[in-house]
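# 3D model of this:
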Amino acid sequence: MRVHEALEELDARGTHVQRYARTPERWLSWIDAEFGGRHSSRAFVGSSYIAEDAAGPVGFATFDSRGDIGVFGPFGVASRARKSGLGPALLHGALFSLRERGYAQACIPRVEHEKLIAYFQRHANARIGEEVHPVSPDRRYRTVVLASGNGTNFQAAIDAVQARRLPLDLVRLVVNRADAYAIERAHAASIPVTKLLWDKVTTTRAAFDAALEDGVAAAKPDLVLLLGWMHILARSFLERFPQILNIHPAFLPLDITLDEATMPDGTILPAFRGARAFDDALAQGGPWFGACVHRVRSEIDRGEIMVRAPLLRTNEEPRAELLERIHMVERRILVEAIERWICEQHDGV
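As a prediction, this is how the structure comes out:
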């Protein structure tokens, strides 16, 4: 069946498919909610087909042009619409659009699951061009963690390393509070700890920043993780260590210039940035919360989003229970963001 005929048949059954040159913010946040938060950043930079039925969005397929290469993906169909013919229609629609742009073939990057590989082989005559294994004993990434508190996200990184999910060498933990429980977690995992406490009476801000920078540099990190680090980093630190990821307890827009975030139901909220993001979201009074992992740049919480996830507060959910659910989201997306970072190192991005 031709693409247009397949789309017309879906439309007659109540599933409407529309092509967007730029994927709308609402659909990007739906992609995060439905598929885990790893795909929306790629959909953000590409064009997409979006499918909706009476209950809301049910599927998407993104396509993009990168120089001489046509790129397909990400791609997803909600569980309620699987085996309905929607998936092949979206797939073929995206490939048709790439053909319109002059591409005879398309690259499908980073397909991780055997069933999905078989799906592409069956429906798009795809073949495996290259096999990549980012988690390899031949390449490990020296990682320094900066933390100021309990260290639950630090523990998530430790657990993922010990489970051989992340090829990191956690070479040092740096804390700026003597009572940070992250210290105990580091000791339990045999990770060296540097306590760098700022006495504002005897030490200038510049001196503290220089000591922090030199201490991190001594560990020769490939990656720096800010996991609850409550201190604004100096510009010289950011220039010296360009590979820094930060975890943030709020749902931020993929477009870093925006000061609003669009949630899956279309609700528009302020982009809660800064150290009080969770409390600011609480004070706003809405039901939507979330978390993200982003690259770090000089503007606070305005780096490229690696992974993000929205979270809907249940009715009258106590603050402590909501915060713990956000921490659970943080731990999941942290590992996913590091996995993405590792893939990008392999790709030379």
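# Going by neighbour count, list what's buried in stretch 292-302.
Along stretch 292-302, the positions that meet the burial threshold by neighbour count (16 or more other CB atoms under 10 Å) are 292-297, 301-302. Placement of C-beta: from N, CA and C, glycine included.
# err, stretch 268-282, not the other one
By 16+ other CB under 10 Å, the buried positions in stretch 268-282 come out as 269, 271-273, 277-278, 281-282.
# likewise stretch 57-74?
By neighbour count on 16+ other CB under 10 Å, the buried set for stretch 57-74 is 57-65, 70-74.
# Looking at those residues, which are in strands?
57-65, 70-74 (DSSP state E).
# Relative to residue 191, which of the buried residues of stretch 292-302 is nearest.
Using CB to CB, residue 293 is the member of the buried residues of stretch 292-302 that lies nearest residue 191, at 20.4 Å.
# Look up phi and psi at the closest one.
Recorded main-chain torsions at residue 293 are phi -120, psi 130, according to degrees, to the nearest 10.
# what's the closest non-adjacent residue to it?
Across the structure, with CB to CB, 6 or more residues apart in numbering as the measure, the residue nearest residue 293 apart from its sequence neighbours is residue 337 (3.6 Å).
# if we can go back for a sec, could you dump the buried residues of stretch 57-74 to JSON lines with distance to residue 317?
Listed next are those as JSON lines, based on distance: CB to CB, whole Å:
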{"residue": "57", "distance to residue 317": "25"}
{"residue": "58", "distance to residue 317": "28"}
{"residue": "59", "distance to residue 317": "30"}
{"residue": "60", "distance to residue 317": "30"}
{"residue": "61", "distance to residue 317": "35"}
{"residue": "62", "distance to residue 317": "34"}
{"residue": "63", "distance to residue 317": "39"}
{"residue": "64", "distance to residue 317": "39"}
{"residue": "65", "distance to residue 317": "44"}
{"residue": "70", "distance to residue 317": "45"}
{"residue": "71", "distance to residue 317": "40"}
{"residue": "72", "distance to residue 317": "39"}
{"residue": "73", "distance to residue 317": "35"}
{"residue": "74", "distance to residue 317": "31"}
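# Let's see the helix or strand containing residue 9 as CSV, backbone CA atoms only.
Counting by DSSP states H and E, the element that carries residue 9 is helix 3-12. Once non-C-alpha atoms are left out, helix 3-12 reads as follows in CSV (Å, rounded to 0.1, in the frame of the first residue of the first chain):
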residue,chain,number,x,y,z
VAL,A,3,2.0,6.0,1.8
HIS,A,4,-0.8,8.3,1.1
GLU,A,5,-3.3,5.5,0.9
ALA,A,6,-2.1,4.1,4.2
LEU,A,7,-2.5,7.5,5.8
GLU,A,8,-6.0,8.0,4.3
GLU,A,9,-7.0,4.6,5.7
LEU,A,10,-5.8,5.5,9.2
ASP,A,11,-7.6,8.8,8.9
ALA,A,12,-10.9,7.0,8.1
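# Give me the contact list for it.
Contacts of helix 3-12 from elsewhere in the structure, counted by CB atoms under 8 Å, 6 or more residues apart in numbering, are 1, 16-17, 51, 84-86, 88-89, 92-93, 96.
# So for the helix or strand where residue 261 lies, mean pLDDT?
Using DSSP H and E, residue 261 maps to strand 260-262. Confidence over strand 260-262, taken as the mean pLDDT, stands at 96.
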